[in-house]
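*Asks:* have a look; sequence and predicted model below, questions after that.
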Amino acid sequence: MGKRKVISEEELKEMVYPSEGEVLGRVVKRLGSDLMVVKCADGKTRIGRIRGKLKRRIWVRDNDVVLVAPWDFKSDERGDIIWRYTVAQVDLLKSQGYLPLDL
C-alpha cells in the first residue's frame, strides 16, 4: 500500500465562487482524518469533511478559507469541504464582498 500524495495544486488557480446553498468558512481546528471544525460566514460552526476528490489533490490546514456545502440533514452542524482558496483568492473574495472582513 503506497503513500497518498498530493497530485497537483495547480487546480487551485481556477476561481470557484460560492453558489446557492454553499457558504464560505475558515478552518479553526483539524480533528484528524478528513474532519475539521469550520467557522462559517453565516455565524455557525460546522464539522467539515473533505470530499474524496479533494482529499488527494490539496492540503487543507488551519486558518485556510474553504467553501462548505452544508448537508441536507444536520445542515447547522455538518458539511462537506469542497474547495480551498489561496491567499490571493481570499483577497479577491473580500474585495468583491463574498467574504466578510472579520472571518
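*Replies:* Looks like it arrived, so ask away.
*Asks:* does Asp15 touch Asp91 like I think?
*Replies:* One thing to correct before we go on: residue 15 is Met, not Asp. No. Using C-beta atoms under 8 Å, Met15 is not in contact with Asp91, being 11.9 Å away. No exception for glycine: its C-beta is placed from N, CA and C like everyone else's.
*Asks:* dump the residue contacts of Arg46.
*Replies:* Residues in contact with Arg46, defined by C-beta atoms under 8 Å, 6 or more residues apart in numbering, are Gly25, Val37, Val38, Cys40, Val68, Pro70, Asp76, Glu77, Arg78, Gly79.
*Asks:* now with 6 Å, please.
*Replies:* Val38, Cys40, Arg78, Gly79 (C-beta atoms under 6 Å, 6 or more residues apart in numbering).
*Asks:* same check on Ile81?
*Replies:* So Ile81 contacts Gly48, Ile50, Val66, Val68 (C-beta under 6 Å, 6+ apart).
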